[in-house]
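*Asks:* have a look; sequence and predicted model below, questions after that.
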Amino acid sequence: MMLLVYTLMSAVLVAVGIFGLASRGNAAKILISIELLSSGAVGLVFFPMLAISRSFVFSQSLMILFLSVDGVTLGITIAVLLMAVKRSETGDMNKLNELRG
Amino acid sequence: MLLDDVISVVIFLSAFSTGLYSITTEKPVRSIMAAGAALWLVSLAYWHLGSFSLALMQLSIAVGALVIIGLSSVQSFEEKIVRGDVAAVLAATLVVLLTPWVLALRFYEDITTSINVNLSSYFPVFVLIHGLLILAGSIVAVLLVRGWRE
């Protein structure tokens, strides 16, 4: 029951993250959405894996790797978005159209 | 229904509501605080399942990322920070910083048993130092971003 509920929680966080990415244009909201999405995704892998494999050490080690990669990715994303905000002088990501076409 | 199941349902509902609120609200500080709460709840879920290391890593990423996102977005969008916001951020930082320390202090034996490693009795102090280092690193990163922008 516990693992099922936590798997649902992770799925909901992924859904909220995707909703935020799809519907918001603000740079800070996009970063928050990415953070929620990645945390939900890690949980969505960890909790079912724990239920299926029953190997706590293996699941935990793999998730530590995923979380580390997640942290690095987030750092790079923050740097890119801050650079984009600085160049465009607006927080609205919908106005960035340099990659259009 | 067991107590553990009730706790997991409460954590699920709280994470869902705070996560959704953080995306839908228009107030920047509330949005970041709510996202922090959602990530803190995910960390509590890991703790509830007995994975202290995952809980700590989740908290580290949450604190580091949200402090940087919060302060740099305030700097980028020229938002005014009022006194209540500062108090709320301070309270949240203290909660995130002190929770792992208190839990490590309280559940030291359980952690040692679950990971099957004989940890030093200074382990809770190291956890606290770890949190302080993350906080210091985040503040330095924000100051660098500010300096870079100016």
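*Replies:* Sure, I can see it.
*Asks:* okay, CA-based contacts and neighbour counts for the rest of this
*Replies:* Will do.
*Asks:* elements contacting the lowest-mean-pLDDT helix or strand in chain A?
*Replies:* One helix or strand of chain A scores below all others by mean pLDDT, DSSP states H and E: helix A:56-88, with a mean of 77. Secondary-structure packing of helix A:56-88 (3 or more CA pairs under 8 Å, 6 or more residues apart in numbering or on different chains; DSSP states H and E): helix A:27-53, helix B:52-76.
*Asks:* okay, the residue nearest to the spatial centre of chain A: pLDDT?
*Replies:* For chain A, A:S38 is the residue whose C-alpha lies nearest the centre (CA atoms, centre = their mean; 2.4 Å). What the model reports as pLDDT for A:S38 is 85.
*Asks:* B:I115 now?
*Replies:* 63.
*Asks:* low-confidence stretches in chain B?
*Replies:* B:1, B:67-89, B:92, B:111, B:114-117, B:119, B:138, B:141-150 (pLDDT under 70).
*Asks:* quick one: name the residues of it near chain A.
*Replies:* Residues of chain B found near chain A (CA under 8 Å from any CA of the partner chain) are B:4-5, B:8-9, B:12-13, B:15-16, B:19-20, B:23, B:32, B:35, B:38-39, B:42, B:45, B:51, B:53-54, B:57-58, B:61, B:65-66, B:69-70, B:73, B:76-77, B:149.
*Asks:* can you select the buried ones from those in ChimeraX?
*Replies:* Here is the ChimeraX command that selects the buried residues among these (16 or more other CA atoms under 10 Å in any protein chain shown):
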select /B:8,9,12,15,16,19,20,23,32,35,38,39,42,45,51,53,54,57,58,61,65,66,69,70,73,76
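*Asks:* roughly how far is stretch B:123-132 from the heart of the chain?
*Replies:* 14 Å (CA atoms, centre = their mean, to the nearest Å).
*Asks:* what about the nearest residue to A:L3 once chain neighbours are set aside, neighbour count?
*Replies:* Nearest non-adjacent residue to A:L3, counting by CA to CA, 6 or more residues apart in numbering or on different chains: A:F47, 5.9 Å away. By other CA atoms under 10 Å in any protein chain shown, 21 other residues sit near A:F47.
*Asks:* ok, now which ones touch A:F47?
*Replies:* A:F47 is in contact with A:L3, A:L4, A:Y6, A:T7, counting by CA atoms under 8 Å, 6 or more residues apart in numbering or on different chains.
*Asks:* between those residues, which is nearest chain B?
*Replies:* A:Y6 (6.6 Å; CA to the nearest CA).
*Asks:* give me the buried stretch members for the helix or strand containing that closest one, please.
*Replies:* Assigned by DSSP states H and E, A:Y6 belongs to helix A:2-23. Neighbour counts over helix A:2-23 (16+ other CA under 10 Å) mark A:2-3, A:5-21 as buried.
*Asks:* so what does the helix or strand containing B:L41 touch, helix or strand wise?
*Replies:* Taking DSSP H and E as the criterion, B:L41 maps to helix B:28-48. Identification of packing neighbours for helix B:28-48 by 3+ CA pairs under 8 Å, 6+ apart yields helix A:27-53, helix B:3-24, helix B:52-76, helix B:83-106.
*Asks:* got the ones you listed as a markdown table, with distance to A:D92 columns?
*Replies:* Formatted as a markdown table, the helices and strands packed on helix B:28-48 follow (distance: least, CA to CA, whole Å):
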| stretch | distance to A:D92 |
| --- | --- |
| helix A:27-53 | 6 |
| helix B:3-24 | 15 |
| helix B:52-76 | 11 |
| helix B:83-106 | 23 |
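*Asks:* for the ones you listed, which one sits closest to A:L81?
*Replies:* With CA to CA as the measure, helix A:27-53 is the member of the helices and strands packed on helix B:28-48 nearest A:L81 (6.8 Å).
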